[in-house]
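# build the 3D model from these lines:
(2 chains)
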Amino acid sequence: MAEITLNPKNGKGKIHKEIYGHFSEHLGRCIYQGIFVGKDSAIPNVRGIRSDVVEALKKIHLPVLRWPGGCFADEYHWRDGIGPQENRRRMVNTNWGGVVEDNSFGTHEFLDFCEQVGCEPYFNANVGSGTVREMAEWVEYVNSDGDSSIVRERRANGRQDAWKVKYWGIGNENWGCGGNMRPEYYADVYRRYQTFCKTYGENRPFRIACGASDFTFEWTETLMKQAARYMDGLSLHYYTVCGNTWGHKGSATDFTTEEYYTTLGKAARMDGLLKGHEAIMDRYDPKKRISLIVDEWGTWFDVEPGTNPGFLYQQNTMRDALVAAVTLNIFNRHCDRVRMANIAQMVNVLQAILLTEGERLVLTPTYHVFDLFQAHQDAREIDCFVTAGKTGTEEWSLEQISASASEKDGVITVTAANLDAEKAEEVILLGTGAAKARGRILTGEMHAKNDFDHSSVQVQDLAVEQKDGCFKVVLPACSVAEITLE
Amino acid sequence: MKPMEERKPDQRQDHPVKDAFNGETSFQGIRKPCVRCLLEDMPSQAALARTVRELVELIPEEDRADEKTVRLRLADCRECPSLGMGTCRLCGCYVEHRAAKKRTFCPAVPSRWKV
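Model prediction:
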């Protein structure tokens, strides 16, 4: 039996809804086919944007979406994607299976998509192969309402009022695909670029500096030392890779129990990773003004057999659902510093919440986790102590129960996951002060998945028993639950 | 710990096919895009075509489409504007593999496959 003890009086503050954000890149079929099919498509759409995808995202209250990359961002020139469709620049990427990038999905289309969904846009500007002027004009194009040539150009392209884009990433992975820079050099480049990421009216940009990959603490140290006062956020990327090398990452669907635990163990390293980067940030920014933005995270497996490796298309099982639950619980617990996160990627690429083929749409187990966790958005995090046994392997010993909790409008939400692949666990909830409770659960054998023929992995009601002033639930093996107390 | 630049595969500079197929082949060297071709039509993709054929052979007999069906499907794929270098950009599959499965479908709307 495990116990989850709550102390609703204490907590780390607000869980910013942006923690439940997503990432979309011009890669594989994330944008084209996943989001955008063109207005002449037989697939139901509004101005070329898939209606089924918009509806699915509205249901989980997608808060923020990062675009256009990723590595693509540091090759993206925004002017290629504005103006009449027939005049937009076309290119064929032979490294990506001959995919035609016709720039039919550009700034206007992305912001239309965000408006249809009701989410905040997060632009990632090109530092690696762009210019300061190019970035500065992009900011002006989307955020200014002054009577400048740039704004007149936007209006001629059909948009009268500024969109007021708040979040701006200044470069992406500039230690690698974004220019192979040293942290000392990038820090200065960042200072220069952010100078021209200007405020128009009341639209002050939230400036995010390119941060580290996984455990590269020296990058965070240098950026904080040299550029802290110029940034609102610092990013961090961390992928959960089951295999030991990038060449052999392991199958997304065909894995052993040992690999299941290895994957969850590597996902759980996010906690230590955050603590390490936060400790450095705390030295330079003890008041926690600067946000840590985990704008790429999730599982990365070998692609589905028979698919082009450049598309990074992988299926999604209950193992992915557990990775998502463990990670999101960790983010909630670090909400005083982590104020945005973006799972990679939203549709058809890596740990996708949605898969599409033609007019068909699949909601993956990871999608359902974002559904179960959505009550945490903009809620107040509260202390949540877990007393539970261990599970896993000798190499990857794991807490069997992962949990976090929040309160909003007098309603407490606890999200809990049972990581054990075979053993159910009874969980007692203490200190809730609630009179009634209800629950929802996602569970299945660790390989369970949804595909274009069957969608057996679905959220179900969870029985919550009230006994002796506390509440009790039974979490089946490999499950993720939401318990609502009021 | 690996040097920083080696930690994540650079999706544009690395050759994903090389990664996935044990270095047998890569897209390197292809300068001119070849559209509406199957892998078997492209000499530089011969090793990849072999790998895809091996993947087809791994499909259990009872799940594999008959030869005539596969031939008809691939004939339709050859005429499709969404075929590029052996890949269907509507689903990301190598069409020679997708067409070989019995329970599958053409992702185009409406379907281009007649069988």
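
# got the residues of the stretch 201-350 of chain A near chain B?
Contact residues, the stretch 201-350 of chain A versus chain B (C-beta under 8 Å from any C-beta of the partner chain): A:213-216, A:219, A:237, A:239, A:246-247, A:302-303, A:305-313, A:348. Just so you know, the C-beta spots here come from the backbone N, C-alpha and C atoms, and that holds for glycine as well.

# of the residues you listed, buried ones?
Listed as buried from these are A:213-214, A:216, A:219, A:237, A:239, A:246, A:302-303, A:305-313, A:348; burial here means 16 or more other C-beta atoms under 10 Å in any protein chain shown.

# tell me the gap between stretch A:142-159 and the middle of its chain.
A distance of 31 Å separates the centroid of the chain from that of stretch A:142-159, by C-alpha atoms, centre = their mean, to the nearest Å.

# tell me the buried residues in that stretch?
Neighbour-count burial for stretch A:142-159 [16+ other C-beta under 10 Å]: A:V142, A:N143, A:S144, A:I150, A:V151, A:E153, A:R154, A:R159.

# mind listing which of these are in strands?
Using DSSP state E, no member of these falls in strands.

# turn those residues into CSV, including distance to chain B and pLDDT.
Formatted as CSV, the buried residues of stretch A:142-159 follow (distance: C-beta to the nearest C-beta, whole Å; pLDDT from 0 to 100):
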residue, distance to chain B, pLDDT
A:V142, 26, 98
A:N143, 30, 98
A:S144, 32, 97
A:I150, 30, 98
A:V151, 33, 98
A:E153, 30, 98
A:R154, 30, 98
A:R159, 29, 98
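
# which members of the residues you listed are the farthest-apart pair?
Farthest apart among these by C-beta to C-beta are A:N143 and A:E153. That separation is 13.9 Å.

# which of the residues of the stretch 201-350 of chain A next to chain B fall in helices?
Judged by DSSP state H, helices contain the following of those: A:W219.

# quick one: the helices in the stretch 151-300 of chain A, in order.
A:183-195, A:217-227, A:257-268, A:270-284 (DSSP state H, counting those that start in this stretch).

# who are the packing partners of the third one?
With contacts defined as 3 or more C-beta pairs under 8 Å, 6 or more residues apart in numbering or on different chains; DSSP states H and E, helix A:257-268 has these neighbours: strand A:233-240, helix A:318-333, strand A:390-392, strand A:397-399.

# got the buried residues for that helix?
Quick answer for helix A:257-268 (16+ other C-beta under 10 Å): A:E259, A:Y260, A:Y261, A:T262, A:T263, A:L264, A:G265, A:K266, A:A267, A:A268.

# what angle sits between that helix and helix A:318-333?
Angle, helix A:257-268 to helix A:318-333, by axes from the mean of the first three to the mean of the last three C-alpha atoms, to 10 degrees: 20 degrees.

# and helix A:257-268, what's its mean pLDDT?
Mean pLDDT, helix A:257-268: 98.

# not counting it itself, show me its contacts.
A:240-242, A:250, A:255, A:299, A:319, A:322-323, A:326-327, A:330, A:391-393, A:395-399, A:402, A:419, A:421, A:446 (C-beta atoms under 8 Å, 6 or more residues apart in numbering or on different chains).

# which PyMOL command selects the buried ones in the residues you listed?
Buried residues within the contacts of helix A:257-268, by 16+ other C-beta under 10 Å, are selected in PyMOL with:
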select buried, chain A and resi 240+241+242+250+255+299+319+322+323+326+327+330+391+392+396+398+399+402+419+421+446
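
# helices and strands of the chain: which one bottoms out on pLDDT?
In the absence of a named chain, chain A is used. strand A:91-93 (a mean of 71; mean pLDDT, DSSP states H and E).

# kindly report the same for chain B.
helix B:16-20 (a mean of 31).

# where in the chain is pLDDT low?
Assuming you mean chain A. A:93-98 (pLDDT under 70).

# my question was about chain B, not that one.
B:1-37, B:39-44.

# OK, now which residue of it is nearest to chain A?
B:G84 (2.9 Å; C-beta to the nearest C-beta).

# hmm, A:E101 and that residue touching each other?
No. The criterion here is C-beta atoms under 8 Å, and B:G84 misses it with A:E101 at 11.7 Å.

# which of those two has more residues huddled nearby?
B:G84 (23 against 20; other C-beta atoms under 10 Å in any protein chain shown).

# any idea how far the more buried one is from B:G92?
For B:G84, the distance to B:G92 (C-beta to C-beta, to the nearest Å) stands at 11 Å.

# quick one: neighbours of A:E357, just the number.
A:E357, neighbours per other C-beta under 10 Å, totals 22.

# what's the spacing between the residue nearest to it when sequence neighbours are not counted and A:V37?
In space, and not counting its chain neighbours, A:E357 is closest to B:P107: 4.6 Å by C-beta to C-beta, 6 or more residues apart in numbering or on different chains. Noted for B:P107: a distance of 11 Å to A:V37, by C-beta to C-beta.

# repeat for A:S404
Counting by C-beta to C-beta - A:S404 and A:V37 are separated by 37 Å.

# how about A:R79?
24 Å.

# could you do A:W168 as well?
Taking C-beta to C-beta, one finds A:W168 at 28 Å from A:V37.

# equivalent analysis for A:R88, please.
Relative to A:V37, and taking C-beta to C-beta, A:R88 is found at 17 Å.

# so these two - more neighbours on which side?
Taking other C-beta under 10 Å, A:R88 and A:V37 do not tie; A:V37 has more neighbours (24 against 17).

# thought that one was touching A:N45?
Yes. At 5.5 Å, A:V37 counts as touching A:N45 under the criterion of C-beta under 8 Å.

# which neighbours do B:G84 and A:E101 share?
Common contacts of B:G84 and A:E101, defined by C-beta under 8 Å, 6+ apart, comprise A:V92.

# one step back: chain B: which of the buried residues of helix A:257-268 is nearest?
A:K266 (13.9 Å).

# where exactly do the strands run in chain B?
Counting by DSSP E, the strands of chain B are B:83-84, B:87-88.

# near chain A at all, the last one?
Yes. Part of strand B:87-88 sits near chain A under the criterion C-beta under 8 Å from any C-beta, namely B:T87.

# for the strands of chain B, give me CSV that also has distance to A:F471.
Below are the strands of chain B laid out as CSV (distance: least, C-beta to C-beta, whole Å):
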stretch, distance to A:F471
strand B:83-84, 56
strand B:87-88, 51
